[in-house]
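In: Mind folding the following:
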Amino acid sequence: MNGRKLFLILKKIWWSILYGALFIYTLTFPTPVSWVVFYFFTVILLASLLSTFILWGKAQFEVSKNQQHELNSQLNLKTKGFLPILIPYLTIVISVKEKSFSTEVPSLFKHKVSASFSAIHLPRGNHKKLLLRTSGKDILGFFTHQAKKQIPVDLEIYPDVIYSTLLHGTVKKLDAKLELKRFSAQDAANFRQLREHQQQDALKDIDWKTSFKKQTLMVKDYDQETNTPLNLIFLGYQSPQFEELLSLTYSLYLELSRFQNIQLFIVGEYDEQLLLQQGGKNFLTVQPTTRLTPLLSVWDNQLPKNGKKIIVAPDRVVSSIEDSQVKTSFFLSEDTLTNLHIGGN
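Out: Here you go, the predicted model:
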């Protein structure tokens, strides 16, 4: 038992003894003064008890990300009615699924309370509500306030982001193995010839300098290049490091999308169905599967056969799918995570 709890217990005992002694004295010596003193202390105790009944009205929860992709949040609470809060400090706890975060804020004589939570780690997913709990002691430290409230929210929590500095070594290996193609003006098109302007040509393609010399509109003709996308594939088989592998996939998706056309495939459980989904939104809802054979069937029948591929999967899955495509594929598994933790090489 720490010193603070012991002090609160002793305070309660002292107040109980004092009030009991005052009650006995008033009954033994019923004078106007003794009754006034007794009523005075009774009113104080009742006021302290009533101060713990706080009804929360409007509540607002906002989340933002800092440059390190850490989540910071701000909770704003407002009481119902016109009476201020008569509790010196409130402990505020927010819970999302199994995760809870708490902080203590001064609250005496306030109608609005704000609480900040820095660098919190909310569970991955799309959250529609959170549980708010408040608690605190009255001014005398005799009675306890406790309240619960559900707050509607719309939070999209994506996997954790691995710092670019840690990913640097992995991206270098990807570049060396798959020869990643950076976006540039030269990649978009190659100049082929000058020709006379046609009705369907855009004005931006006219070469005005040459047109002035030839006294007729001339257009630059280009050979368009196809920018074949890089296939980033996540195979969500059950693993103790499932969330870390998903974070690695998400981090690579953010990093490579800055200079490479990415086609994303996420395979896993969605509402207890094994599905292949495309698009970044699926990072929110994918869950691991324990069905290896159907997962390998998706790999064989639904995923693209051609093109360069980055496959992120547990070791057990990687050992089952490494085949003749190894020259155009780069496999990442738990070993990659170990290297990242060591130093990103």
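In: Ends of stretch 105-122, what's the gap?
Out: 21 Å (Cα to Cα, to the nearest Å).
In: Equivalent analysis for stretch 257-277, please.
Out: Stretch 257-277 has an end-to-end distance of 18 Å (Cα to Cα).
In: what does that stretch rub up against?
Out: 180-183, 227-236, 249, 253, 256, 278-280, 282-283, 285-289, 291, 294-295, 298-299, 302-304, 307 (Cβ atoms under 8 Å, 6 or more residues apart in numbering). C-beta here means a position set from N, CA and C on the backbone, and glycine is covered the same way.
In: Tell me where the stretch 151-300 of the chain has helices.
Out: 164-178, 185-188, 208-214, 242-256, 292-301 (DSSP state H, counting those that start in this stretch).
In: ok, and which of the ones you listed has the densest surroundings?
Out: helix 242-256 (a mean of 21; mean count of other Cβ atoms under 10 Å).
In: I'd like to check the angle between that one and helix 164-178, please.
Out: 80 degrees (axes from the mean of the first three to the mean of the last three Cα atoms, to 10 degrees).
In: hey, C-alpha coordinates of helix 242-256 in PDB?
Out: In PDB, the C-alpha atoms belonging to helix 242-256 read as follows (Å, rounded to 0.1, in the frame of the first residue of the first chain):
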ATOM      1  CA  PHE A 242       1.500 -10.900 -38.100                       C
ATOM      2  CA  GLU A 243       1.100  -7.200 -37.100                       C
ATOM      3  CA  GLU A 244       4.700  -6.500 -37.600                       C
ATOM      4  CA  LEU A 245       4.700  -8.000 -41.100                       C
ATOM      5  CA  LEU A 246       1.600  -6.000 -41.900                       C
ATOM      6  CA  SER A 247       3.400  -2.900 -40.700                       C
ATOM      7  CA  LEU A 248       6.400  -3.700 -43.000                       C
ATOM      8  CA  THR A 249       4.000  -4.100 -45.900                       C
ATOM      9  CA  TYR A 250       2.300  -0.800 -45.100                       C
ATOM     10  CA  SER A 251       5.600   1.000 -44.700                       C
ATOM     11  CA  LEU A 252       6.900  -0.300 -48.000                       C
ATOM     12  CA  TYR A 253       3.700   0.700 -49.700                       C
ATOM     13  CA  LEU A 254       4.000   4.300 -48.400                       C
ATOM     14  CA  GLU A 255       7.700   4.500 -49.200                       C
ATOM     15  CA  LEU A 256       7.700   2.900 -52.700                       C
END
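In: Let me know the average pLDDT across it.
Out: If you average the pLDDT over helix 242-256, you get 93.
In: same question for stretch 112-124, mean pLDDT?
Out: 89.
In: Show me which residues of that stretch are buried.
Out: Buried residues in stretch 112-124, counted by 16 or more other Cβ atoms under 10 Å: 113, 115, 117, 122, 124.
In: ok, and the first one, which helix or strand is that part of?
Out: The reference is to residue 113. strand 112-120 (DSSP states H and E).
In: what sits up against that strand?
Out: 66, 70-79, 85, 90, 92, 94, 101, 103, 105, 107.
In: okay, that strand in PDB with CA atoms only?
Out: What follows is strand 112-120 as a C-alpha-only set of coordinates in PDB (Å, rounded to 0.1, in the frame of the first residue of the first chain):
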ATOM      1  CA  LYS A 112     -15.100  22.100 -19.700                       C
ATOM      2  CA  VAL A 113     -12.200  19.700 -19.300                       C
ATOM      3  CA  SER A 114      -9.500  18.900 -21.900                       C
ATOM      4  CA  ALA A 115      -7.200  16.000 -21.800                       C
ATOM      5  CA  SER A 116      -4.200  15.200 -24.100                       C
ATOM      6  CA  PHE A 117      -2.800  11.800 -24.800                       C
ATOM      7  CA  SER A 118       0.600  11.900 -26.500                       C
ATOM      8  CA  ALA A 119       2.200   9.100 -28.600                       C
ATOM      9  CA  ILE A 120      -0.700   6.600 -28.000                       C
END
